[in-house]
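Asks: Sequence unavailable; structure follows:
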């Protein structure tokens, strides 16, 4: 994992309300098909992680958000490369959710979040939520 050009920088939104966090299920086909993830996406050149999250949530769900506290990062090696997943607390500010890139969303409570089949890069954040280290 020491070669920087192999690292794909990706953001994840920890968007909570009523002690539940928003999770989204990926479409069939492609990487991590049908698995659950925290919404977000790949950082574009010249874009900061918060700008990426704002853009991705607008594009994928048609919602307006405020990106807040940085919650940490985790690297995971897939067969196509290394993902560095950076998680941020996010607040939903407006808009009606429209699913453009996912087949389903759920509001999951901390005690049930590990029941979902998450993409491996998201797993450390699932555990931090389940354990209460990241409160909802």
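Replies: Ah, there it is. Treat the numbers as computed from the prediction; the structure is a model and nothing was measured. Numbering: from 1, shown residues only.

Asks: okay, CA-based contacts and neighbour counts for the rest of this
Replies: Fine.

Asks: Tell me which other helices or strands the strand or helix carrying residue 84 touches.
Replies: Mapping residue 84 onto the secondary structure by DSSP states H and E places it in strand 81-94. With contacts defined as 3 or more Cα pairs under 8 Å, 6 or more residues apart in numbering; DSSP states H and E, the packing partners of strand 81-94 are strand 7-17, strand 64-78.

Asks: can I get those strands in TSV with mean neighbour count and mean pLDDT?
Replies: Putting the helices and strands packed on strand 81-94 into TSV (neighbours: other Cα atoms under 10 Å; pLDDT from 0 to 100) gives the following:
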stretch	mean neighbour count	mean pLDDT
strand 7-17	21	96
strand 64-78	15	95
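
Asks: how about these in TSV, adding distance to residue 41?
Replies: Rendered in TSV, the data for the helices and strands packed on strand 81-94 read as follows (distance: least, Cα to Cα, whole Å):
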stretch	distance to residue 41
strand 7-17	5
strand 64-78	14
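
Asks: returning to that earlier point: relative to the strand holding residue 84, what are the paired strands and their orientations?
Replies: Strand 81-94 sits in its sheet next to strand 7-17 (parallel), strand 64-78 (antiparallel), going by DSSP bridges.

Asks: and residue 105, which of the helices and strands packed on strand 81-94 is closest to it?
Replies: Put simply, out of the helices and strands packed on strand 81-94 the one that sits nearest residue 105 is strand 7-17, at 12.0 Å, with distance taken as Cα to Cα.

Asks: That concludes my questions; thank you for your assistance.
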